[in-house]
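Participant: Test case, fold it:
(one chain, ligands or ions: 1)
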Amino acid sequence: MRENSAGNSTESSIRQFLQAFPAYADTASLDDLRASEYARLDDQDHVYLDYTGGGLYSTAQLEKHRRLLETHVFGNPHSHNPTSSAMTDVVETARAKVLDYFNAPPDEYAAIFTANASHALKLVGESYPFGPGERYLLAFDNHNSVNGIREFARSKQAAIAYVPLSLPEMRIDDAVLDESLETAEPGRHNLFAFPAQSNFSGVQHPLEWIERAHAKGWDVLLDAAAFVPTNRLDIGRWKPDFVPVSFYKMFGYPTGVGCLIARRDALAKLHRPWFSGGTITVASVQGDKHYFAEGATAFEDGTLDYLNIPAVQIGLEHLESVGRDKVHERCRMLTAWLLDQVTNLRHANGRPLVRVYGPATAEHRGGAVTMNFYDAQDQIIDHLEIEQAAAKQNISLRTGCFCNPGGGEVALQLSKTELIGCFRDSDRAGKSAFTPEDFRLCVDGKSTGAVRISVGLVSNFRDIDRFLNFARGFLA
Ligand SMILES: Cc1ncc(COP(=O)(O)O)c(C=O)c1O
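Facilitator: Residues are numbered from 1 along each chain as shown. So this is what the prediction gives:
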């Protein structure tokens, strides 16, 4: 292990880790990368453990992007003047790169540039042909931007149903999934949405579900936002209909650009609720008519964030040159070590320090690990207290429910009756707002959040070891 990745870690903990994971040595090039391209992390003594919140960018990405902008004159794309054509070429090359990166055949899939994954999801939600007799089925541990689609479904009288999670692993039972998939209305529009990786528990749901759902008459929305930063997604193999991603989660820069990768056949089913600049071939005021453009163009409202789009290509090429499988493997080993070590931390009286929500091993899960801390009397330590204490040691972790209320409700065992009661009481009291504090009081002071550690591109052993040392500080 390189010097910089060992840092302050104790010799014995490093030795134990390397004994458990000898293949970690094969990922040493990531330590060099961190030292050269992400030096700010160690120069400023950061322990960055929030990769599911946002990825980190390399210095080279910024330089390449700056050089491109500095050496070209780019105009607003989609015109035929020289500066516009130059920009159109760059945007179209980046679009082709996105499809290529995810192995999505361009004759079968379109890449629609969006502001982020949520915007990609909204495009699907607002345009999917929901109506009476149609269905929206979704996993309990979806992000709120997937949950939010239920409001489009509801407003068009479609049926909405959630597929529940089973404790302790927070996975979906196969038989329960099959039962839910049986509910598709033949000949109608049925949309099934699930995360490839839960941003709450780190669970990776089987991609085989896509084929199963298709066979039962569902279109499939695969939320890949938390999955693709450290896992390969082969769209050509799995054939999901709609895949939203945010690029900043994959490689840190730029923010403000995401993508909806959509099967062209599935796109053809969508009905956009409006038209806008850039989305039509012809629109008429007096004739009161508009005609949508083909494919991705019909979904890209107004002017794209065109100067940032080349940075997407730079970022994807960066991930390819770093080695996606190497990053994946390192994250798997670090996650396995974290899980093993943190679940074995015990107070002097033998009680565990933390409870991890979700799988206790690194099998079929990604590098996001969510937990709560407990004192020696088994009383929960508020997640905000943990966050504040971590900040004092320059550790960036995330707390709350991570916009994943279903995951939170299952993990924290908040019941439906309890939650409905809270919202009913609030409605009765005529409250128009409902704060996190109202929520906490309503559920009798039970925790309404947790602490999430997530690893990514340049995570190293020292990051995890520093977190474990921090956690040991709560032992009594
Ligand atoms: C699984 C998942 N889906 C969707 C999103 C939404 O991404 P964005 O906030 O970039 O739109 C996130 C963000 O954390 C996520 O983790």
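Participant: Show me what counts as buried in stretch 86-100.
Facilitator: Burial within stretch 86-100, assessed by neighbour count using 16 or more other Cβ atoms under 10 Å, is assigned to 87-88, 90-91, 94-95, 97-99. (Glycine included, C-beta is placed from N, CA and C.)
Participant: got it, and stretch 228-238?
Facilitator: By neighbour count on 16+ other Cβ under 10 Å, the buried set for stretch 228-238 is 228-231, 233, 235, 238.
Participant: Could you do stretch 364-382 as well?
Facilitator: Neighbour-count burial for stretch 364-382 flags 365-374, 380-382 (criterion: 16+ other Cβ under 10 Å).
Participant: for the residues you listed, which one is nearest the ligand?
Facilitator: For the ligand, the closest of the buried residues of stretch 364-382 turns out to be Ala368, at 8.6 Å, with distances computed as Cβ to the nearest ligand atom.
Participant: taking the buried residues of stretch 228-238 one by one, which sit in helices?
Facilitator: Within those, residues falling in helices by DSSP state H are 235, 238.
Participant: could you dump the buried residues of stretch 86-100 to a markdown table with pLDDT and distance to the ligand?
Facilitator: Listed next are the buried residues of stretch 86-100 as a markdown table, based on pLDDT from 0 to 100; distance: Cβ to the nearest ligand atom, whole Å:
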| residue | pLDDT | distance to the ligand |
| --- | --- | --- |
| Met87 | 98 | 24 |
| Thr88 | 97 | 26 |
| Val90 | 98 | 23 |
| Val91 | 98 | 20 |
| Ala94 | 98 | 18 |
| Arg95 | 98 | 19 |
| Lys97 | 98 | 20 |
| Val98 | 98 | 16 |
| Leu99 | 98 | 20 |
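Participant: Residue numbers of the stretch 51-200 of the chain in contact with the ligand?
Facilitator: 52, 116-118, 143, 145, 195, 199 (Cβ under 6 Å from any ligand atom).
Participant: what pLDDT does the closest residue to Ile280 other than its chain neighbours get?
Facilitator: If you skip the residues right next to it in sequence, Ile280 has His290 as its closest partner in space, 4.9 Å away by Cβ to Cβ, 6 or more residues apart in numbering. Predicted confidence (pLDDT) for His290: 97.
Participant: What is the burial count for His290?
Facilitator: Applying the criterion other Cβ atoms under 10 Å, we find 15 residues in the vicinity of His290.
Participant: what's the answer for Arg66, then?
Facilitator: The number of residues packed around Arg66, counting by other Cβ under 10 Å, is 11.
Participant: Quick check, pLDDT for it.
Facilitator: The predicted local distance difference test score for Arg66 is 98.
Participant: part of a strand, is it?
Facilitator: No - counting by DSSP: H, G, I helix; E, B strand; the rest coil, Arg66 falls outside a strand, being helix.
Participant: so Leu138 bridges to which residues?
Facilitator: The bridge-partner assignment for Leu138, based on DSSP bridges, gives Tyr162, Ala193.
Participant: Now do the contacts for it.
Facilitator: The neighbours of Leu138, taking Cβ atoms under 8 Å, 6 or more residues apart in numbering as the test, are 146-147, 149-150, 160-163, 192-194.
Participant: any idea how far Val327 is from Ser459?
Facilitator: Taking Cβ to Cβ, to the nearest Å as the measure, Ser459 and Val327 are separated by 9 Å.
Participant: The two - which one has more neighbours?
Facilitator: Neighbour comparison, Ser459 and Val327: the larger count goes to Ser459, with 28 against 23 (by other Cβ under 10 Å).
Participant: what about the more buried one, distance to Arg452?
Facilitator: From Ser459 across to Arg452, the span is 14 Å (Cβ to Cβ).
Participant: So which residues make contact with stretch 407-419?
Facilitator: For stretch 407-419, the external contacting residues (Cβ under 8 Å, 6+ apart) are 140-141, 164-165, 167, 170, 198-201, 357-358, 370, 401-402, 443, 446-450.
Participant: how long is it end to end?
Facilitator: Distance between the boundary residues of stretch 407-419 (Cα to Cα, to the nearest Å) amounts to 14 Å.
Participant: Could you do stretch 33-48 as well?
Facilitator: Between where stretch 33-48 begins and where it ends, there is a gap of 15 Å, by Cα to Cα.
Participant: Quick check: closest non-adjacent residue to Leu222.
Facilitator: Here the nearest residue to Leu222 in space, its sequence neighbours aside, is Pro240; by Cβ to Cβ, 6+ apart that works out to 3.9 Å.
Participant: out of the contacts of Leu138, who has the most neighbours?
Facilitator: Neighbour counts for the contacts of Leu138 peak at Phe192, which has 29 neighbours (criterion: other Cβ under 10 Å).
Participant: ok, the most centrally placed residue in the chain to the ligand distance?
Facilitator: Residue closest to the mean C-alpha point of the chain, counted by Cα atoms, centre = their mean, is Ala226 at 2.4 Å. With distances defined as Cβ to the nearest ligand atom, to the nearest Å, the gap from Ala226 to the ligand amounts to 4 Å.
Participant: Thank you kindly, that will do.
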